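A.B. asks: I need the structure of the sequence given here:
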Amino acid sequence: MQNNNKNLKTVKKKGGVSVSEMGKAYINATFNNTLIIMTNTKGDTIAWSSSGAMGFKGTRKSTPYAATLAAENTGKKAIEKGLKTVDVYVKGPGPGRDSALRGIRNAGLSISLIADITPIPHNGPRAKNKRRV
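C.D. replies: Residues are numbered from 1 along each chain as shown. All right, here's what the predicted structure looks like:
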């Protein structure tokens, strides 16, 4: 029997993402969790972590301490791969915003830029009609 590999989809794992000394860090601070993602300049993920991934559950996930640990963990992973300087983009109103920045700094990364990219509605959706009696 002949082997037909043309119809099979081949999935290649990323062996190694190209990492330069410069990169980007995205902090998504919600009221329930804090997610930190480190990428290279192209946007390929180098390292990530969250308060939940650090072993916190329930209300302790949303604490600044949990965000600090998650940021330090992500920073250490990124430094091992060769990252040195990051531009930080913060999104969301959660309590882990500032402490995640401190965690990135404590991990040994230097921060060159801090930008707030929280989405703000300028007018929102159209309001409902007033009730006529």
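A.B. asks: tell me the mean pLDDT for the longest helix anywhere in the chain?
C.D. replies: Counting by DSSP state H, the longest helix found in the chain is helix 64-80. For helix 64-80, the mean per-residue pLDDT is 97.
A.B. asks: name the next helix or strand downstream of it, please.
C.D. replies: Counting by DSSP states H and E, the next helix or strand C-terminal to helix 64-80 is strand 85-91.
A.B. asks: buried residues in stretch 27-45?
C.D. replies: Ile27, Asn28, Ala29, Thr30, Asn33, Thr34, Leu35, Ile36, Ile37, Met38, Thr39, Asn40 (16 or more other Cβ atoms under 10 Å). For glycine as for every other residue, the C-beta is placed from the backbone atoms N, C-alpha and C.
A.B. asks: let me have the residues you listed in JSON lines, extended by secondary structure and distance to Ala67.
C.D. replies: Compiled in JSON lines, the buried residues of stretch 27-45 are given as follows (DSSP: H, G, I helix; E, B strand; the rest coil; distance: Cβ to Cβ, whole Å):
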{"residue": "Ile27", "secondary structure": "strand", "distance to Ala67": "8"}
{"residue": "Asn28", "secondary structure": "strand", "distance to Ala67": "10"}
{"residue": "Ala29", "secondary structure": "strand", "distance to Ala67": "7"}
{"residue": "Thr30", "secondary structure": "coil", "distance to Ala67": "11"}
{"residue": "Asn33", "secondary structure": "coil", "distance to Ala67": "9"}
{"residue": "Thr34", "secondary structure": "strand", "distance to Ala67": "4"}
{"residue": "Leu35", "secondary structure": "strand", "distance to Ala67": "9"}
{"residue": "Ile36", "secondary structure": "strand", "distance to Ala67": "8"}
{"residue": "Ile37", "secondary structure": "strand", "distance to Ala67": "13"}
{"residue": "Met38", "secondary structure": "strand", "distance to Ala67": "15"}
{"residue": "Thr39", "secondary structure": "strand", "distance to Ala67": "18"}
{"residue": "Asn40", "secondary structure": "coil", "distance to Ala67": "23"}
